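J.: below is the sequence, then the predicted model.
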Amino acid sequence: MIDKNSPIPIYYQLEELIKGLIEKGELKPGDSLPSEREYAEKYQISRMTVRQAFSKLVNDGYLYRLQGKGTFISDRKIEQPLQGLTSFTEDMQKRGMKPGSQLLDFKIIAASLQIASQLNIQENEPVYEIKRIRLADDVPMAFESTYISANLIKGLTIDIVHKSLYSYIEEQLHLRIDHATQIIESSIANQLEAQYLNIKNGAPILLIQRNTFLQDGTPVELVKSSYRADRYKFMIHMKR
Ligand code: 16G
């Protein structure tokens, strides 16, 4: 309910009310929202106030607008914890979602100076270059380019990278993936990323670079990924 005598602004009350309906599952992803006019009439508030609440919810990713069609409920964002060093397959399985990969490229290339220095190998040494679209319940979530020293990780096949790279490294090769450094920055999708991730050209994305190491400090992978910013948020626990 909206309380007009409350010191809490009305647009904010409406925002919370709509968020509550989404959280309770009474409004589901893809549902259309009643119009601004209907809300204004129902709660006897101005359309300006309703518009203000809608705009905030659009900006925060709860709603999206389709020109001429109305306002709809967005898919919920995946909240990804940052403290565990997990694989995409593990992350999706933990959430009860089906992990998948669409393999775009799988080949051995000669390491450029930049890749070689990150993997701590010599320039021109062989590295696997693996490009995958990572899917959750068949929906594209991220586009990943992975570089792995072919002299360190032997016997990779298309079949393996279709499934899980980490489980191959740990369960078949018995190497312990131990720690990683990860950098996250915002960007916008170029044409290729937009096409792969099924989003608009220029839509917000999160660029992530992960450098992963074995226990003795040997670099095991360099991964550059583009994540859909409309479907992902990252969470970390902190302690003072
Ligand atoms: C995640 C990792 C990536 C790793 C992959 C292995 C991030 C940003 N990246 O996508 O570095 O190569 O998992 O997944 O989290 P897989 O074992 O399912 O192939």
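T.: Arrived safely.
J.: residues from this protein in reach of the ligand?
T.: Contact residues, the chain versus the ligand (Cβ under 6 Å from any ligand atom): 87-89, 144, 146, 164-167, 208, 210, 221, 223, 225. In this view, the C-beta of every residue, glycine as well, is placed from N, C-alpha and C.
J.: stretch 186-201 - what's its average pLDDT?
T.: For stretch 186-201, mean pLDDT is 94.
J.: who touches it?
T.: For stretch 186-201, the external contacting residues (Cβ atoms under 8 Å, 6 or more residues apart in numbering) are 104, 133, 139-143, 202-207, 226, 228-230.
J.: export that stretch to PDB, keeping only CA atoms.
T.: Extracted C-alpha coordinates of stretch 186-201, given in PDB (Å, rounded to 0.1, in the frame of the first residue of the first chain):
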ATOM      1  CA  SER A 186      32.800  -2.000 -17.400                       C
ATOM      2  CA  SER A 187      32.500  -1.600 -21.200                       C
ATOM      3  CA  ILE A 188      30.000  -1.700 -24.000                       C
ATOM      4  CA  ALA A 189      29.400  -4.600 -26.400                       C
ATOM      5  CA  ASN A 190      31.000  -4.400 -29.800                       C
ATOM      6  CA  GLN A 191      29.300  -5.900 -32.800                       C
ATOM      7  CA  LEU A 192      30.700  -9.400 -32.300                       C
ATOM      8  CA  GLU A 193      30.000  -9.500 -28.600                       C
ATOM      9  CA  ALA A 194      26.500  -8.200 -29.200                       C
ATOM     10  CA  GLN A 195      25.900 -10.900 -31.700                       C
ATOM     11  CA  TYR A 196      27.300 -13.700 -29.500                       C
ATOM     12  CA  LEU A 197      25.500 -12.600 -26.300                       C
ATOM     13  CA  ASN A 198      22.300 -11.800 -28.000                       C
ATOM     14  CA  ILE A 199      22.200  -8.200 -26.800                       C
ATOM     15  CA  LYS A 200      22.200  -4.800 -28.500                       C
ATOM     16  CA  ASN A 201      25.300  -3.200 -30.000                       C
END
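J.: quick one on the thing from earlier: now, the contacts of stretch 186-201 that are in helices?
T.: Nothing among the contacts of stretch 186-201 maps onto helices, per DSSP state H.
J.: which among those count as buried?
T.: 133, 140-143, 205-206, 226, 228-230 (16 or more other Cβ atoms under 10 Å).
J.: lowest pLDDT pick from these?
T.: Among these, pLDDT bottoms out at residue 230, giving 85.
J.: and it, how far is that from the ligand?
T.: 17 Å (Cβ to the nearest ligand atom, to the nearest Å).
J.: my guess is that residue meets residue 78, correct?
T.: No. With contacts counted by Cβ atoms under 8 Å, residue 230 stays clear of residue 78, the gap being 10.5 Å.
J.: and for stretch 52-67, what are the contacting residues?
T.: Looking at what lies outside stretch 52-67 - Cβ under 8 Å, 6+ apart - the contacts are 11-12, 14-15, 18-19, 22, 33, 36, 71-74, 77, 230.
J.: in stretch 171-187, what's buried?
T.: 175, 177.
J.: domain-wise, how is the protein divided?
T.: As assigned by automatic domain parsing, the chain contains the domains 10-73, 78-235.
J.: all strands for this structure, in order.
T.: Along the chain, counting by DSSP state E, strands occupy 63-66, 70-73, 78-81, 99-110, 126-136, 139-149, 177-188, 204-214, 219-228, 232-235.
J.: turn the ones you listed into CSV, including distance to residue 53.
T.: Formatted as CSV, the strands of the chain follow (distance: least, Cβ to Cβ, whole Å):
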stretch, distance to residue 53
strand 63-66, 10
strand 70-73, 11
strand 78-81, 23
strand 99-110, 36
strand 126-136, 30
strand 139-149, 28
strand 177-188, 25
strand 204-214, 22
strand 219-228, 25
strand 232-235, 21
